[in-house]
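# 3D model of this:
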Amino acid sequence: MQERNSRKYSQIGVAILFLLLVACGGHQTEGQTQPETANGQEAALQGKSASALSERTAGMRAGQVVYDQYCATCHQTNGDGVPNLNPPLAKTDYVTGDKERLIRIVLNGSNEGLEVNGMVYSNAMPAHSFLSDEDVANVLSYIRNSFGNHADTVSVDEVRQVRATLE
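Okay, the predicted model is just below:
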C-alpha cells in the first residue's frame, strides 16, 4: 500500500513539474517562430528596451545603496520621516513633483522649514554635494519610485545641469 501511494505521489510530482516547465516556457509551440521584421528592427527595439530596463534596475539598486547610507537615518528605511523633524518621502507630491527642487536640496541641503503634506519640517538637512551626479540621479530616482511614489527618474544630465547653476 505504501509503495502504491509513493508511486502515486511521484507521478503527481512529475506532472506538476511538467506543467511548470510548460508554463514557464512561454506560449510558443514546437516549430513556431517569431515573425521576422524588416532589418530586425523589432528585435533591436526589444533589445534596447531590455537594456534600458536593465540600466534602470541597476540605477535603482545603486540608489537604494546611497539611500541606505545617507538618507535612511533621517527619513527612515520606509520613507516615513520623523514627525516634526524630517519630512516623509513616502507618497508625497513634494518628492514626485519638481525634480530641480529635489536636486537642489540634495546638493545644497536645506536650513529652512519645508512644508510637506500640510506639515512643516524644520530640521536642517546637510548638503550632499560630495555625491557624484550619478549617485544623486540614482538616489532621487529610487526615492521617486519607492515608498508608494511613482514618478519619472532623474537623469545624470539633469543633476549636472542643476549643479552647474550652483557653482
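# only C-alpha atoms for contact and neighbour calcs from this point on.
Will do.
# All the strands of the chain, residue numbers only.
For the chain, the strands defined by DSSP state E cover 114-116, 119-121.
# Save those strands as a markdown table, and put in distance to Gln69 and mean neighbour count too.
Below are these laid out as a markdown table (distance: least, C-alpha to C-alpha, whole Å; neighbours: other C-alpha atoms under 10 Å):
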| stretch | distance to Gln69 | mean neighbour count |
| --- | --- | --- |
| strand 114-116 | 23 | 15 |
| strand 119-121 | 22 | 16 |
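# Look up how far Glu55 lies from Ala90.
From Ala90 across to Glu55, the span is 24 Å (C-alpha to C-alpha, to the nearest Å).
# One more: Tyr94?
Distance from Tyr94 to Glu55, by C-alpha to C-alpha: 26 Å.
# neighbour-wise, which of those two wins?
Each of Tyr94 and Glu55 has its neighbours counted (other C-alpha atoms under 10 Å); Tyr94 has more, 19 against 12.
# how close does that one get to Glu167?
When distance is defined by C-alpha to C-alpha, Tyr94 is 25 Å away from Glu167.
# now Lys99
In this view, Lys99 and Glu167 are 18 Å apart by C-alpha to C-alpha.
# Comparing the two, which residue is more hemmed in?
Counted by other C-alpha under 10 Å, Lys99 and Glu167 do not tie: Lys99 has more neighbours, with 23 against 5.
# picking that back up, using TSV, lay out the strands of the chain together with distance to Thr153 and mean pLDDT.
Shown next, in TSV, are the strands of the chain (distance: least, C-alpha to C-alpha, whole Å; pLDDT from 0 to 100):
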stretch	distance to Thr153	mean pLDDT
strand 114-116	20	87
strand 119-121	25	89
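# For Tyr142, which of those is the nearest?
Closest to Tyr142 of these, according to C-alpha to C-alpha: strand 114-116, at 18.8 Å.
# what lines up beside the closest one in the sheet?
Sheet pairing of strand 114-116 (DSSP bridges) gives strand 119-121 (antiparallel).
# contacting residues around the partner strand?
Strand 119-121 is contacted from outside by Pro83, Asn84, Leu85, Asn86, Pro87, Gly113, Leu114, Glu115, using C-alpha atoms under 8 Å, 6 or more residues apart in numbering.
# Then stretch 158-167?
Glu100, Ile103, Arg104, Leu107, Asp133, Glu134, Val136, Ala137.
# number of nearby residues for the second one?
Close neighbours of Ile103, defined as other C-alpha under 10 Å, add up to 24.
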